[in-house]
Structure formats: C-alpha cells, structure tokens
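J.: sharing a sequence plus its predicted fold:
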Number of protein chains: 2
Amino acid sequence: MQNSVGIVETKYYTIEDKIQFESGIEFGPITVAYETYGQLNETKDNAILVIHALTGDAHAAGKHSIDDKKSGWWDTLIGPDKAFDTNKYFVICSNILGGCSGTTGPSSINPKTNKPYGTTFPVFTIEDTVKVMKKLLDNLEIKSLYSVAGGSMGGMQAMQFPITYPDYVKSTILIATTSRLSPQAIAFNAIGRNSIISDPDWNNGNYYDKEEKPNRGLSNARMIGHVTYLCEEAMYNKFGRKLQDKNHYDFNFDIDFQVESYLQHQGQIFVDRFDANSYLYITKAVDYFDLEDKYGSLNNAFSKTNAKFLVMSFDSDWLFPSSQSKEIVNTLMNLDKDVSYCEIKSPCGHDAFLLEYDVQDKIIKSFLNDHIKGEDNE
Amino acid sequence: MQNSVGIVETKYYTIEDKIQFESGIEFGPITVAYETYGQLNETKDNAILVIHALTGDAHAAGKHSIDDKKSGWWDTLIGPDKAFDTNKYFVICSNILGGCSGTTGPSSINPKTNKPYGTTFPVFTIEDTVKVMKKLLDNLEIKSLYSVAGGSMGGMQAMQFPITYPDYVKSTILIATTSRLSPQAIAFNAIGRNSIISDPDWNNGNYYDKEEKPNRGLSNARMIGHVTYLCEEAMYNKFGRKLQDKNHYDFNFDIDFQVESYLQHQGQIFVDRFDANSYLYITKAVDYFDLEDKYGSLNNAFSKTNAKFLVMSFDSDWLFPSSQSKEIVNTLMNLDKDVSYCEIKSPCGHDAFLLEYDVQDKIIKSFLNDHIKGEDNE
C-alpha cells in the first residue's frame, strides 16, 4: 500500500453533555465515529479536519483490513506525500451528526426508550454538525485547525467552521460547494425526500424492526441525486444512448439503456449502506444552509473570519455551479480576506471533487505549503 | 370569447383495421379522440395538424362549455387571426395513442377481455403514433397537410411525419424538441417510471378496479418531470428560496420552501387527470425516439422529406437544448432543404413553448404566410 496511511480503525467518542441545537432543542449524548491519520505534533496545531459529503463516512483514507477491497473515500488525497500529507499533518475525519455510519443518528438507540430515535431525532443544521465536530476536536486536545476541507456538503461545513470559530481555523478549503442551495437543488432534495416518505415501508420513520425497509423510496431518491452529480458531458461519455446487453429495444418496461441500468444499480447498492431517515435529516440540513439568510448577508457571514480560503469549483458542475463559488470569492475579496480561487475544467460534473484528484492534489499541496511559508513570515 | 374558436367538442374515430406497430405487433381497434377548428376547404389541403406534448390531450383550443374555466392547451395560438388562423386553416388535434384522454390506451377496455389492457397494451413508438394520426387524417379526407406542428414530444411526431409521409406534408413546425433524447433526459424518464413501478399500488399495472391507484409513484414522476421543464432562472424568479406560509424553518419534514409546495401541488393535481400506465408507455416511446439510430444518420432520416421546416428552440431549455435543434437545422441545411430556425431568448426553460406565445405567434404566422407566397410562385 504505497503512499497509504495503511490499516486504520474507526474510533468513537461520546459527547455526554447536551448540545444546544439551532432549533432550540438540547440534545445528547452524541457518539461521534471518527478516524485519524498521521500524528498530532507537540504544539497540537498541525491538525486538518476533512469533512465528507452527503452520504460519506469517517473512513476517509487507508483500509480497515488487508483484505479490504476499497480504500477510504479520499484516499487519493490523504497519505504520506499526498495533498493532506500525513507526514506533516494530523488528519481527522468524522461521520456527520445524524448519519448512519457510527455517529448518533435516527437509526441509533435512544437511551431513554431503548428504541431507535426514528423521527423523534431532532432536525439539525449544518452549524449543529460543526459544533459536534468541534467537541470532538476539543476532546482530541487540538488547539487550532491548521485547515478544514470538504467538498459539496462537506464544503458547507468547512465554510461554517471559520464563521462559528473564527480564531480556531487557520485555513479552509471549499470544494464544489455553495453558501446556499439553488431552488432547483432544493427541488431535487425535496423530491428525494418525498420519494422516501411516500414509500409505505417508511412507516413514519418506524421501520427498524420491520422486515421491509423503505428501500424503494431511498433507492429512487439516490437515483435522482446521482443524475445531479453527473453532467450532460459525463453522461454522454459514460453511457450515451447505448443499450444494456442488447442490440434492439425490448418493447417492454425492462431496462433498455445503460444509463437506466447504472442508475438502478446505484440505487440498489445504496440501500445496503444508507439509512432512509438519515437521508431525510441530512438533506434537510443541506436545504436549510443559507449563510445570506442566517447572517443577513454573505458579507456579514464572512466578516469576522480569520482563515485563509481556498475555493475550488468545476466548470461542468450544475448542482453547485461555479457562479456560486465566485459569489463567495467575490465577497471574501471585498472583505480583503486571503482567498485563492480555482475553477477546474472537468467533464465530470459535481462528482469531479471525488474524481479529479490530480489537479486538486497539486492545488491543495501548494495552498497548504504557501500557508506554512506565510506563517514563517508572520 | 374574442379570437376564440368558441365552444368545441371532442369527437371520436375508431380505426377498425389493425395497425402494424414498429415492435412487429398488429394492434387494433384504436379509437382516436380529436378536435377540429375552422373549416376544411374544397380542395381539402388547408389542414394543419397540431400535436400535444407528453401529457396533453385533443383539446387544443376553445372551451367545452360556456362555464369552462380553461381554454384548450394552445388556445393562445389557435383561433381567428391567431398563428394557426382558423379563418384560413382547418386545425386538427388528437390525443396520442396510449394516452388517457379518449384515445385507446392502457386504461381502455380490451374488447377481447372486457377488462382494461393494463400492461398487455403493446409498447409503441413515436412513428406508431404518427401512423395512427395519419389514419385519422385519411378518414377526414384530408389530401395533404398544409402544416404539422408540435412542441416537445409533439415536435418529435411533427418531425417524424414528413419522414414517414414525405409527399403528404407541406411544412412542419418543430418547437423545443429533439431528434433523440440525451442520456440525462432518458435518466429522468427512467426514474419517473421506476417511481411508478416501485409503487406497490401499481400492482403490475392492474389497478383500475382497485381503490388505491399508484398515485404516489405517478405524483413523484410528475415532480421530477416538472423540474426539467423549468430552468434555474425560472425557478429563481418563481420561488427563489422563499418559504411557504412561514417566516422561519419548521425543523420538521413538512414543506418549508415554496418550490417544494409548488412541486407537490403539481404532483397531486396530475394524478387526477393522468393514468400511471399511460405515463409509462408514452415516456418509453419518447425514450425510443432516435432518428439517427433508426435511419443510420440524421442525414438519411431527412433526405427524402419534401416539407419546409420551421425549427424553434429556447435558450434556457436544458431538457431539449438548442444544440439539439441546431443539429437538426444543420442537417437540413446540408441537405439543401428549406429550413428556418429561431432560437428564442426566454427565462422559462422547456416550458417556454407553452408560455412564450407572443413571439411564437409572430414567427409561425410569418412562416405560414411565406409558405403561401411560396406556393403562389410555384
């Protein structure tokens, strides 16, 4: 496993104290699943928090066992001599609040009832998820974040971090993200949620002890999402109008086109790894994220931040288009903040943040290095 | 009712002979629901066929009664002194084969079993629907079509007409359409179908005598479709991130945003007027439409046509983008066919073909008039 962080394990930390959520509710205890790569230095200031996207987990790099077929979701960028260089940095990744991969979420057991929370789990916001991560970092005795980085929803959290904790974050890396969803993006999330909620097996969120889970609804939600992660060019390159295992139309309602087959497959494998209720909660947090509305303006939102910003977007991303990144960059420039921006050409759509690692590797490396140089001069 | 065709009624014609479908199946009898506006002239060559889009019907203009609140779906363009001027032309519109508004479709009674066809209805193609329309025109003793016009799926049929019947069609008007769907457009249709098929109330298409219909699946399919008919700009103008009847987030899974409310409403009213099986069959026909594949190339497809072409597209239409119209236009130009093209600026997305009637009115009027002049010179 060259340049790999090697065999890693997921760890757990339980925040016993209740946390005040943005909705007003106080909630706890919360267990956080997380992984770390590299070593925290003596001054405890070489930590980089990487944050996963909508359906990711704490396993960002390395493998869980030698037989593990897949490495963590950002293994291409995390490891010795990689962008997030584990020879230099102590890298942390945790599963999001409300998730279903180790961190407390709707599928977790409510200690008061000994039953899964289901829809009694409180609706939370992106800032709530950031507060949970901060508790984890405090527990790890990290004095300040050298950087915080994330793509898509992870980018929203990485954006919120220096706003909520302006003196704690030295730099932030925002990839393929936005300060608020477009109405179109809200629409796709809402249709996905509607698909789950209208599945009779959803049963108001009480399905954990049932044989049938709301897999049809969840699978359909994932299929909708997947179309928005690709772009026209990616879909032409990947599928075009090619038929699946046939030369002629079937003239029935079986799958005819490769693109149908691909999406159905994506939907089917998703239900094995993801919880329908988590999908509802997390997409709601994403829909609610709106820095303009929350702080009165983007200007207000970023005015007190002390971090250096690196913003990257992809020209074929129509879910979180470059125009949204440029709005953030322009605001930061007007505020005289230290910001670098790169629009990357890619035929991969929104998914590019997980695929175009070569160019991201170079840009992030350079940003983090400059960052060090900058510090030397200070 | 100024400039209206007035009170109209839907008529029915039954094709008793079986029609050979593209799948190889022979199918009949087929009843066709249709309406006509204006008068057929003595030489029976002033007929214009207008063709509806995915979920339209035969009621294109006028009202069914004085109390009728809504006029036909293209009333803005059909009537005395309008684009399709009923003082001059005999305008015909029929409900599509497989539909659920009068023409034989999966919800119709199979005379052999006295039960609805359901999924025993044969899968058909756009060319099959054109053949059915031609039988209707023959029955009306129309010797040639002065023009055939349609938007979206109606445009596909209007495109197929002069290919299948090159000497019958004098001109064709293709609006916001394509010679084949992109993989992205297939994906959205496939997810819509999947949503219906995975609704337990779909019951393999046998739900006509059941109390519960697959309304959840059909409603979700419609919501997906609706997002593709709008565009980012239209959605920002129409909804932005405005909340529905509230000033703050609800922190639950009820509707928060106006765009959610709008889409849910569109889904809910759709199930009252449309049949889930019809949705499956018609979207499949649309997915199958592929002139390049069917004829070897677009060039081959159009090579034998004798019609004059008017092609219109809308710059904000991302479902059937202008690039697809331009491909058709370029092919026709290379073939030295008589073709006019107009890309219309509009903030309305694909839906523009039903909304931007002022500009379409002018362009179509001018095209049909030039057409007459052209004939005078012949």
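T.: Nice, I can see it.
J.: how about the residues of the stretch 101-250 of chain A near chain B?
T.: Neighbours of chain B within the stretch 101-250 of chain A, by Cβ under 8 Å from any Cβ of the partner chain: A:119, A:122-123, A:180-184, A:186-188, A:190-191, A:193-195, A:197-200, A:216-217, A:219-220, A:223-224, A:227, A:230, A:232, A:235-236, A:238-241, A:249. C-beta here means a position set from N, CA and C on the backbone, and glycine is covered the same way.
J.: now the buried members of the residues you listed.
T.: A:119, A:122-123, A:180-184, A:186-188, A:190-191, A:193-195, A:197-199, A:216-217, A:219-220, A:223-224, A:227, A:230, A:232, A:235-236, A:239, A:241, A:249 (16 or more other Cβ atoms under 10 Å in any protein chain shown).
J.: now the helices: where do they sit in the stretch 1-150 of chain A?
T.: A:126-139 (DSSP state H, counting those that start in this stretch).
J.: now the spatially most central residue of chain A: how far from chain B?
T.: Geometric centre of chain A, nearest residue: residue A:53, 1.7 Å, by Cα atoms, centre = their mean. For residue A:53, the distance to chain B equals 20 Å [Cβ to the nearest Cβ, to the nearest Å].
J.: show me the contacts for that residue.
T.: Shown in contact with residue A:53 (Cβ atoms under 8 Å, 6 or more residues apart in numbering or on different chains): A:150-154, A:353-354.
J.: could you rerun that using 10 Å?
T.: A:73-74, A:96, A:150-157, A:175-177, A:229, A:282, A:286, A:350-351, A:353-354 (Cβ atoms under 10 Å, 6 or more residues apart in numbering or on different chains).
J.: torsion angles phi and psi at residue A:233?
T.: Residue A:233 adopts backbone torsions of phi -60, psi -40, taken as degrees, to the nearest 10.
J.: what about the strands in the stretch 51-200 of chain A?
T.: A:78-79, A:84-85, A:90-94, A:109-110, A:115-116, A:145-151, A:171-175 (DSSP state E, counting those that start in this stretch).
J.: oh, I was asking about the stretch 251-378 of chain A
T.: Using DSSP E, counting those that start in this stretch, strands in the stretch 251-378 of chain A cover A:308-314, A:339-344.
J.: paired strands for the first one, with orientation please.
T.: Pairing partners of strand A:308-314, with direction, according to DSSP bridges: strand A:171-175 (parallel), strand A:339-344 (parallel).
J.: just name the most buried of these.
T.: Mean neighbour count (mean count of other Cβ atoms under 10 Å in any protein chain shown) peaks for strand A:171-175 among the strands paired with strand A:308-314, with a mean of 27.
J.: tilt between that one and strand A:145-151?
T.: 10 degrees (axes from the mean of the first three to the mean of the last three Cα atoms, to 10 degrees).
J.: pLDDT on strand A:171-175, on average?
T.: Strand A:171-175 shows a mean pLDDT of 98.
J.: and what of stretch A:77-90?
T.: 97.
J.: one more: stretch A:189-208?
T.: 98.
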